[in-house]
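**Student:** any chance you could fold what I've pasted below:
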Amino acid sequence: MAKPFTDSFSASALSLLALGLLAGSSTQAQNFPVTPQQRASAQHVAQSGVAVNDLRADAPHSHTVVPGDTLWDISRLFLKSPWRWPELWGMNLADIKNPHLIYPGQTLFLVKSDGRATLTTQVTAPGSVPTVKLSPRVRAESQANSALPTLQNHLIEPFLAEPLIVDEAALSGAPRIVSAQDSRVLLTRGDRAYARSASSSELIDNVNKAQRQFRVFRNATPLKDPVTAEVLGYEAQYIGKALLARSETTLETPGKDGKMRTEIVPATIDIVKAKEEMRAGDRLLPEPAPHIQSYVPHAPSQPVDARIVSVYGSAVVNAAQNQVVAINRGTADGIESGHVLAILQDGARVVDKTDPALPTIKLPDERNGLLMVFRTFDKLSYALVLDITNGVKIGDRLVNPL
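**Tutor:** Below is the predicted model of the structure:
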């Protein structure tokens, strides 16, 4: 079971650092208000600092933030349990009304006293005068875009838009590309194509330009639970974007018998982005409204027993650090963005040669690393492998971090 969080750093500098974990992948995330849940969690944090035993044995005395750092990296630098860091911002609620990110150039100092530890931006001992180094500088731009992210943004940003978990009926009923201009078979950026939908209202132009944008998907690969073999959902393969140029309509034309007949005129779409070439049969789903997600790494409050279902974008079953995997738990199971889970390596089955009967025994599962959930669906979630000792494979077990 995860150890209850009862300790915290009390320094303002650390609070600022931990506050940054509330920011997501957007550069505007630092403007997010603090949610009631986050504030309630912070108010339960103690005021006396973290127990020295909770620090890493090799925690540095100081760390100067440099471009390329992430808040996860810094938290892992000081703490044995980096997912506990985001709760630490609550010590100075009176001084810090809203989370803010830290920036390159700031130096954090680790201070230990009476078995407790804090982080400050300057070290002060009783009777000492802090040394402040001044140097001339000119700042001509806002620091908003230089604030540290929780994780390396480029690792997860594509997965916030590209892979999509749907049920089979949703994808099969979506509008589809039916033909291309000049009888082309394959389509890429800049090409024009034609599409039809099950409901003509899906491909009707309107005033709102955002609703004219579509993502293009192919296939619907079933994702099965490694334990029960239940199909938990279908993963659609993202291949690009299209813009609706003309609406789908019908045309009344006279037939050879003189009677009027209704002909279908498919919608016209322009391919504006292509991850790979498109073709007839590929499906269109509306571009969703921009969604800025706040990631607060934390251990689940309830026991979790999950499995890795698939390794995204890989033809092999093993995942390395910084790869994305799908797991067999979602919002229906209480999983939320920011949940950190421990990866267990399945213990091998070996023959006990010390026993005359030569029985087969199973060695204990061993912890192999950590991953963090960043996108959830009903029965499935995507997670980023944060660190591992050995390769992670489909079927590996996931539990609460200790």
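
**Student:** for residue 225, give me its contacts.
**Tutor:** Residues counted as contacts of residue 225 (C-beta atoms under 8 Å, 6 or more residues apart in numbering) are 232, 307, 309, 328. Any C-beta I mention is one placed from the backbone N, CA and C, and that applies to glycine too.

**Student:** any idea how far residue 231 is from the third one?
**Tutor:** With distances defined as C-beta to C-beta, to the nearest Å, the gap from residue 309 to residue 231 amounts to 11 Å.

**Student:** most neighbours, which of the contacts of residue 225?
**Tutor:** Neighbour counts for those, by other C-beta atoms under 10 Å, peak at residue 328, which reaches 26 neighbours.

**Student:** looking at it, that residue is touching residue 378, isn't it?
**Tutor:** No. At 11.6 Å, residue 328 does not count as touching residue 378 under the criterion of C-beta atoms under 8 Å.

**Student:** run through the strands of the stretch 201-350 of the chain in chain order.
**Tutor:** Here the stretch 201-350 of the chain has its strands, by DSSP state E, counting those that start in this stretch, at 213-224, 231-246, 249-254, 260-265, 267-274, 283-286, 305-311, 318-319, 324-327, 340-345, 349-351.

**Student:** equivalent analysis for the stretch 51-200 of the chain, please.
**Tutor:** Under the criterion DSSP E, counting those that start in this stretch, strands of the stretch 51-200 of the chain are mapped to 62-64, 107-113, 116-120, 164-166, 176-180, 192-196.

**Student:** of all those, which one comes closest to residue 318?
**Tutor:** Closest to residue 318 of those is strand 164-166 (C-beta to C-beta; 21.9 Å).

**Student:** pull up the pairing partners for the closest one, direction included.
**Tutor:** With DSSP bridges as the test, strand 164-166 is paired with strand 231-246 (antiparallel).

**Student:** can you check which residues contact both of residue 309 and residue 231?
**Tutor:** Common contact partners of residue 309 and residue 231 (C-beta under 8 Å, 6+ apart): 223, 224.

**Student:** which residues in the stretch 51-200 of the chain form helices?
**Tutor:** 71-78, 153-156, 168-172 (DSSP state H, counting those that start in this stretch).

**Student:** of these, which is nearest residue 334?
**Tutor:** Per C-beta to C-beta, nearest to residue 334 of those: helix 153-156, 21.2 Å.

**Student:** can you list the weak-confidence ranges in this protein?
**Tutor:** Within the chain, the stretches with pLDDT under 70 are 1-49, 84-103, 119-155, 157-163, 199-211, 289-295, 313-317.
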